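Enquirer: generate coordinates for the sequence data below:
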Amino acid sequence: MLLQSSVTGESYVKILRKRVLPTIQRMFPNGNYLFQDDNAPPHRSKIAKEYGTTNDLRTLSWPAQSPDLNPIENLWAVLKRSVHNKKTKPRNLNQLDRHVKSAWKAIPVSTLKKLIDSMPRRISAVIEAQGGATKY
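Expert: Reported below is the predicted structural model:
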C-alpha cells in the first residue's frame, strides 16, 4: 500500500482496514492483543476513533507527550539504514517502495523478538526516570 501524500484520518482507516485488522486477526485469533499507535492527529481523528470502536480495535492507552517507547521506531531506523545503504539508490517513488518492502522483509524475526522482549526494560527505565529521558 503506497501512500502518495500525508496520512489523514481517512487514509489511516484504510491502513487499519486493509493491513492492521487482518494481521491482528491472523496473528491473534483469540483476540489477546493490544494495538499501539502514537497520538498523531490521524490516529485520534473522529473517523479513526469510530472505526476502532466499531471494529473492537483494542488499543494501548498512550498519553500525549509521553516518551516514545514503541519498538517500531527502532525498526524504522533499521529500515532507513538498509534502504540508504543499497548500492542502487531509488530514483522514483515506485523504486523506493520496492526498496523499502525488500528491506522490511529482510529484517530477521530475531530482531523483532529482541525489540518486543525489551519492552519491560523500556517501561522500567521510564518509571525510574520518572517520565524523563532514557537511553531508549
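
Enquirer: where does this structure dip in pLDDT?
Expert: Applying pLDDT under 70 to the chain flags the ranges 1-4, 63-68.

Enquirer: how about the helices in the chain?
Expert: Along the chain, counting by DSSP state H, helices occupy 9-15, 21-27, 46-54, 72-84, 93-105, 109-117, 119-128.

Enquirer: which of those helices is buried the deepest?
Expert: Highest mean neighbour count of those: helix 9-15, a mean of 17 (counted as mean count of other C-beta atoms under 10 Å). C-beta coordinates here come from the backbone N, C-alpha and C atoms, glycine included.

Enquirer: now do the residue nearest to residue 34 when sequence neighbours are not counted against residue 10, distance only.
Expert: Spatial nearest neighbour of residue 34, chain neighbours left out: residue 60 (4.5 Å); criterion: C-beta to C-beta, 6 or more residues apart in numbering. For residue 60, the distance to residue 10 equals 23 Å [C-beta to C-beta, to the nearest Å].

Enquirer: residue 10 touches residue 51, doesn't it?
Expert: No - the criterion here is C-beta atoms under 8 Å, and residue 10 misses it with residue 51 at 9.9 Å.

Enquirer: the domain parsing of this structure - what is it?
Expert: 1-64, 67-136 (automatic domain parsing).

Enquirer: mind checking how far the nearest residue to residue 10 once chain neighbours are set aside is from residue 53?
Expert: With C-beta to C-beta, 6+ apart as the criterion, residue 10 has its nearest non-adjacent residue at 6.1 Å, and that residue is residue 47. Residue 47 sits 11 Å away from residue 53, going by C-beta to C-beta.

Enquirer: follow-up on the earlier one: can I get the helices of the chain in JSON lines with distance to residue 36?
Expert: Converted to JSON lines, those look like this (distance: least, C-beta to C-beta, whole Å):
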{"stretch": "helix 9-15", "distance to residue 36": "14"}
{"stretch": "helix 21-27", "distance to residue 36": "12"}
{"stretch": "helix 46-54", "distance to residue 36": "13"}
{"stretch": "helix 72-84", "distance to residue 36": "8"}
{"stretch": "helix 93-105", "distance to residue 36": "18"}
{"stretch": "helix 109-117", "distance to residue 36": "11"}
{"stretch": "helix 119-128", "distance to residue 36": "10"}
